[in-house]
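A.B. asks: kindly generate the corresponding structure for this input.
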Amino acid sequence: MTTLMTRQAFDAQTWSLLAFGKGSHTEHGFGWLDDVGNIDAERGVQLWITGRMTHCFALGHLMGDPDCTVLVAHGIDRLLDGPLRDTATAAWLSAVDLDGTPQPGALLAYDHSFVILAAASALLAGVPRAQELLDAALETLERLWWDEEAGMVVDSRDRNSLAVDPYRGANANMHMVEALLAAYSATREPLHLRRAARITGRIAQEVVTHSFRLPEHFDASWNAVLNYNRDRPTDAVRPYGSKVGHWLEWARLMVQVRVACTAAGIGYDPLLDSLPTGMYRKALQEGWGADGEQGFVYTVDFSGHTVVHERMSWVLCEGISAAETLRQITGDNSYEHDIDIYAAWAREHLIEDPGQWRGELDTDDRPISAKWSGKPDIYHALQAMLIGRLPITPSVAEGLLTSGAAPA
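C.D. replies: Next up, the predicted model:
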């Protein structure tokens with residue numbers, strides 16, 4: 001447990017984040033929020049945001065918020081019957097306009113992972129039709145995304161031909177691990193946990209091979225492409241180098257996989273016993289204050305030098321989540337010191353008003369919108385506020401359900 005003051009601040013933020021997120025409701029799902037909490041009409045309705053917010057409202061429902069009960073049901077219904085679901089491919093589109101008109105673009109495994117996450121969390125919360133959505137999402141995973149030979153998911157497909165793009169990405173697989181863990185929480189189907197362990201084991205091997213720095217980009221044969229987008233280092237989706245925030249996020253997920261596999265008697269890569277602490281320490285060494293200013297830099301190259309200096313709020317949130325998880329699994333209370341530092345930095349630089357976390361800061365800690373505009377969703381921050389209250393379970397929803405540890 002963190003210090004009392006930090007814990008109380010996290011509890012207050014939990015409810016404020018949910019209150020802010022409620023403004024994202026749209027006819028066809030949940031919209032992208034701007035800096036003051038209004039829906040950014042130009043962004044339309046994004047699948048990843050609709051999935052994330054449905055998941056967040058499922059957590060709110062489990063905490064007893066009656067508004068969230070209505071909102072999570074809306075998210076499930078829209079993911080099943082709304083225009084985001086493409087009947088031609090029995091998959092989900094990445095985005096539609098606010099009026100439901102499909103936006104161009106490929107089908108993405110990254111986006112699809114949040115459909116599974118939303119359905120699994122809603123099922124644990126007892127929301128009607130959640131099982132129907134989870135069954136449909138898992139069928140689509142099997143048909144379009146899972147590569148059994150590689151033990152990973154492919155990244156994207158052409159919406160018309162369903163041809164697979166040769167690019168492979170660690171990011172889509174990371175969020176699919178989270179989704180598979182959530183599906184395992186909701187169903188106790190061992191296949192989901194075995195797949196999460198396969199993905200995580202392969203990533204662990206890559207991390208060790210590359211001196212604890214995570215390769216983000218791969219070719220169709222899963223060879224790391226370390227120079228990918230070197231000429232576009234600030235690309236919003238696929239930047240050059242490695243994202244420090246992903247080292248933190250993987251560290252947390254590796255612990256969750258290891259704990260779940262141990263409880264279920266399922267094998268996992270033994271690297272998961274030691275690697276999470278190493279990845280966390282590497283993130284502190286090369287990410288926190290690497291340019292002389294506090295806060296995590298966004299990306300580094302494979303020599304550990306900073307590439308993109310800007311600070312993202314989601315990275316700080318994953319720092320909190322990783323430290324909370326590692327504190328619990330190791331019994332090392334020094335992580336509490338890190339959490340208090342992160343919380344203080346967030347209060348000073350990120351939290352504009354209760355529940356309103358700035359998305360991106362420049363090197364002087366001023367709000368900017370170079371990669372992400374507004375305050376799109378509450379997913380990273382909400383989970384960071386909750387994880388320290390919960391036991392280590394495959395999913396946050398299961399932790400809430402089994403412990404009843406909702407904030408006051």
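A.B. asks: average pLDDT across stretch 338-346?
C.D. replies: Averaged over stretch 338-346, pLDDT sits at 97.
A.B. asks: chain center to it: distance?
C.D. replies: Relative to its chain's centre, stretch 338-346 lies at 20 Å (CA atoms, centre = their mean, to the nearest Å).
A.B. asks: report the buried residues of it.
C.D. replies: Using 16 or more other CB atoms under 10 Å as the test for burial, stretch 338-346 gives 338-340, 342-343, 345-346. (Each C-beta comes from the backbone N, C-alpha and C, glycine too.)
A.B. asks: also stretch 78-87?
C.D. replies: Buried residues in stretch 78-87, counted by 16+ other CB under 10 Å: 78-80, 82-85.
A.B. asks: give me the subset of the buried residues of stretch 338-346 lying in helices.
C.D. replies: Residues from the buried residues of stretch 338-346 lying in helices, with DSSP state H as the criterion: 338-340, 342-343, 345.
A.B. asks: and stretch 29-45, how far apart are its ends?
C.D. replies: Taking CA to CA, to the nearest Å, stretch 29-45 runs 6 Å from one end to the other.
A.B. asks: before we move on, back to that, tabulate the buried residues of stretch 338-346 (a markdown table), appending distance to residue 332.
C.D. replies: As requested, the buried residues of stretch 338-346 are exported to a markdown table (distance: CB to CB, whole Å):
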| residue | distance to residue 332 |
| --- | --- |
| 338 | 10 |
| 339 | 12 |
| 340 | 15 |
| 342 | 16 |
| 343 | 18 |
| 345 | 21 |
| 346 | 22 |
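A.B. asks: identify the farthest-apart pair in those.
C.D. replies: Across the buried residues of stretch 338-346, the longest distance by CB to CB is 12.5 Å; it joins 338 and 346.
A.B. asks: for stretch 70-80, give the mean pLDDT please.
C.D. replies: Stretch 70-80 carries an average pLDDT of 98.
A.B. asks: wait, what's in contact with the closest residue in space to residue 38 that isn't next to it in sequence?
C.D. replies: Using CB to CB, 6 or more residues apart in numbering and skipping residues adjacent in sequence, the residue nearest residue 38 is residue 23, 7.1 Å away. Listed by CB atoms under 8 Å, 6 or more residues apart in numbering, the contact set of residue 23 reads 33, 37-39.
A.B. asks: out of these, who has the most neighbours?
C.D. replies: Neighbour tally across those (other CB atoms under 10 Å): the maximum, 24 neighbours, falls on residue 33.
A.B. asks: excluding covalently adjacent residues, which one is nearest to that one?
C.D. replies: Closest to residue 33 by CB to CB, 6+ apart is residue 375, at 5.1 Å.
A.B. asks: correct me if wrong: that neighbour contacts residue 20.
C.D. replies: Yes: assessed by CB atoms under 8 Å, residue 375 is found in contact with residue 20 at 7.4 Å.
A.B. asks: between these two, which has more neighbouring residues?
C.D. replies: The neighbour count for residue 375 versus residue 20, taken as other CB under 10 Å, is higher for residue 375 (26 against 22).
A.B. asks: what residues does stretch 185-201 touch?
C.D. replies: By CB under 8 Å, 6+ apart, the surrounding residues in contact with stretch 185-201 are 119-121, 123-124, 134, 146, 151-153, 173, 176-177, 180-181, 183-184, 250, 253-254, 257, 260-261, 264, 266-269, 271-272, 393-395, 397-398.
A.B. asks: hmm, I was thinking of stretch 148-161
C.D. replies: Residues outside stretch 148-161 that contact it (CB under 8 Å, 6+ apart) are 86, 89, 93, 105-110, 141, 144-147, 163-165, 167-169, 172-173, 176, 195, 198-199, 201-202, 222.
A.B. asks: of those, buried ones?
C.D. replies: Neighbour counting over those (16+ other CB under 10 Å) leaves 89, 93, 106-110, 141, 144-146, 164, 167-169, 172-173, 176, 195, 198-199, 201-202 as the buried ones.
A.B. asks: report pLDDT for residue 1.
C.D. replies: Per-residue confidence (pLDDT) for residue 1: 46.
A.B. asks: make that residue 84, sorry
C.D. replies: Per-residue confidence (pLDDT) for residue 84: 98.
A.B. asks: can you pull the contacts of it?
C.D. replies: By CB under 8 Å, 6+ apart, the contact set of residue 84 is 28-29, 45, 47, 50, 78, 92-93, 95-96.
A.B. asks: the chain: helices as residue ranges?
C.D. replies: Applying DSSP H to the chain gives helices spanning 4-21, 47-62, 66-81, 109-124, 130-140, 170-187, 190-209, 244-264, 275-287, 313-330, 334-345, 379-387, 396-403.
A.B. asks: now the ones you listed in TSV, with distance to residue 304?
C.D. replies: Shown next, in TSV, are the helices of the chain (distance: least, CB to CB, whole Å):
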stretch	distance to residue 304
helix 4-21	30
helix 47-62	30
helix 66-81	40
helix 109-124	26
helix 130-140	38
helix 170-187	18
helix 190-209	14
helix 244-264	10
helix 275-287	5
helix 313-330	16
helix 334-345	20
helix 379-387	24
helix 396-403	31
